[in-house]
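Chemist: have a look; sequence and predicted model below, questions after that.
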Amino acid sequence: MKKTLRRTAVVTGAATAAFGLTLSPASAVPSTVWTVTPSPAEFTATNVSNIVLTATIPMTCTTSGASGALQSNTGNPATVAGINAINFGTSGSPCTSVLGNVTTVAVTPWTVVAQDYTASTGVTKGHVGNVRANVTAGACKFTVVGKASATYTNSTGVLAVNSVAGDLAVSSNPAPVNCGSVVTVNTRPTFRGNYAVKARGTSTIPTIVGSNP
């Protein structure tokens, strides 16, 4: 009977220790508190460099703008802004490519997601998420989906979008039309460009600060 009790105690102790090891890492890492100032607030963003979508061939826009809303949040990753509208090019300054003028229609909302903050530089790393855009370049039509890696710098208010291969994809539903081998469902587009962000109607540069309680 004593041996049975000792074996039970050993098993119970081991199970408790294992359970503790399982919980400790998760409980030791608190969720990041993302403080956005001002919040909540609407924002506008204007490109400060050419916006380039490359899907085998580069498609360049000299004019682009976006608008949406900023918000503080908790979590990691966490959504700190929603992009409710974004445009690429204008009738007087269209986006261009070797296939012809490019029209891009964004299907919003997109999101701005924060994942890592460096206090010494005031830079937040994350991505622009929920990306979906219908692109027409000449006769070629295709849809881009996914996310785009990005950083936000508090001192300048610049959202720098710099996606890497694999962030974005060409949708198979709908599949590319009249694109031949130039753009296929196996194409991995990249999206790059910098946007200056301001609180709507002001010259105020929003800030994003991440901290762990």
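Modeler: Everything's here; your move. Numbers count the residues shown, from 1 in each chain.
Chemist: domains in this structure, by residue range?
Modeler: Listed domain ranges for the chain are 1-29, 33-208 (source: automatic domain parsing).
Chemist: and those domains, which is most packed in?
Modeler: Most buried of the domains of the chain by mean neighbour count (mean count of other C-beta atoms under 10 Å) is domain 33-208; its value is a mean of 18. Where C-beta positions appear, they are placed from N, C-alpha and C, glycine not excepted.
Chemist: quick one: average pLDDT of that domain?
Modeler: In this model, domain 33-208 has a mean pLDDT of 97.
Chemist: how far away from the center of its chain is it?
Modeler: On the basis of C-alpha atoms, centre = their mean, to the nearest Å, domain 33-208 sits 7 Å off its chain's mean C-alpha point.
Chemist: distance between the ends of that domain?
Modeler: Separation of the first and last residues of domain 33-208 by C-alpha to C-alpha, to the nearest Å is 10 Å.
Chemist: mind checking pLDDT for residue 20?
Modeler: Model confidence at residue 20, given as pLDDT, is 36.
Chemist: residue 3 too?
Modeler: Residue 3 carries a pLDDT value of 42.
Chemist: ok, which stretches of the chain are helices?
Modeler: Assigned helices in the chain, in chain order: 2-28 (criterion: DSSP state H).
Chemist: so what's the residue nearest the centre of it closest to, chain neighbours aside?
Modeler: Nearest to the mean C-alpha position of the chain, counting by C-alpha atoms, centre = their mean, stands residue 128 at 1.7 Å. Nearest residue to residue 128, sequence neighbours excluded (C-beta to C-beta, 6 or more residues apart in numbering): residue 148, at 4.6 Å.
Chemist: again with residue 165
Modeler: The spatially closest residue to residue 165, leaving aside those adjacent along the chain, is residue 188, at 4.7 Å (C-beta to C-beta, 6+ apart).
Chemist: over to residue 40?
Modeler: That would be residue 71: by C-beta to C-beta, 6+ apart, it lies 4.9 Å from residue 40.
Chemist: hang on, isn't the one you found packed against residue 37?
Modeler: No - assessed by C-beta atoms under 8 Å, residue 71 is found out of contact with residue 37, at 11.0 Å.
Chemist: relative to residue 104, how far out is the closest residue to residue 180 other than its chain neighbours?
Modeler: Using C-beta to C-beta, 6+ apart and skipping the chain neighbours, the partner closest in space to residue 180 is residue 140 (7.8 Å). Separation of residue 140 from residue 104 (C-beta to C-beta, to the nearest Å) stands at 12 Å.
Chemist: again with residue 204
Modeler: From residue 204 over to residue 104 the distance is 29 Å, taken as C-beta to C-beta.
Chemist: next up, the contacts around the closest residue to residue 209 other than its chain neighbours.
Modeler: Using C-beta to C-beta, 6+ apart and skipping residues adjacent in sequence, the residue nearest residue 209 is residue 35, 4.7 Å away. Counting by C-beta atoms under 8 Å, 6 or more residues apart in numbering, residue 35 touches 72, 208, 209, 210, 211.
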